[in-house]
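Engineer: got a predicted structure here, sequence first:
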Amino acid sequence: MKASIRELCVENPSGLFQMRPSLTIPEYRDNYGFGLNHVCTIYESKRSHHSGKDWFSFPNKRNLEELFRVKEESMGDLLIVYIVETIKSNRVYCNLVLSDKSFSEIMNDKSQYILKVHQMYSMYIKNNDLAFSEAF
């Protein structure tokens, strides 16, 4: 069986799916983030990482442009999906990225800042978000 996010892509033409309601920066800090389970953080900005430098989990990736490519369907039953946490207008947002174009728009939007990027298998998102589990 193939894992797929095609239906979500059709239902969300913006290329983003809101995983959690946005938080103020103090709420985000007090809650230690969004409380996502089963994620692997693959990027953390210098504003968030303890080193004060942008951090990438993959040594061969050193910029956001080449960090990942969105796939709508897997060859098997495991599909890797990507979640981006951004700051915009003093609020922190948590979105599932459904297209490369939407991620590129986030990177080029000077009014927002990419805080973290996570990856996880699509099967685990059902445990992280009720709206997402209803979409599957």
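Structural biologist: Arrived safely.

Engineer: phi, psi for Met120 please.
Structural biologist: phi -160, psi 160 (degrees, to the nearest 10).

Engineer: and the closest residue to it other than its chain neighbours, what does it touch?
Structural biologist: For Met120, ignoring the flanking residues on the chain, the nearest one in space by C-beta to C-beta, 6 or more residues apart in numbering is Val39 at 4.7 Å. From N, CA and C alone the C-beta is placed, and that goes for glycine too. Applying C-beta atoms under 8 Å, 6 or more residues apart in numbering, we find Val39 in contact with Ile83, His118, Gln119, Met120, Tyr124.

Engineer: can you tell me the closest non-neighbouring residue to the first one?
Structural biologist: Of all residues beyond its chain neighbours, the one nearest Ile83 is His118 (4.5 Å), with distances taken as C-beta to C-beta, 6+ apart.
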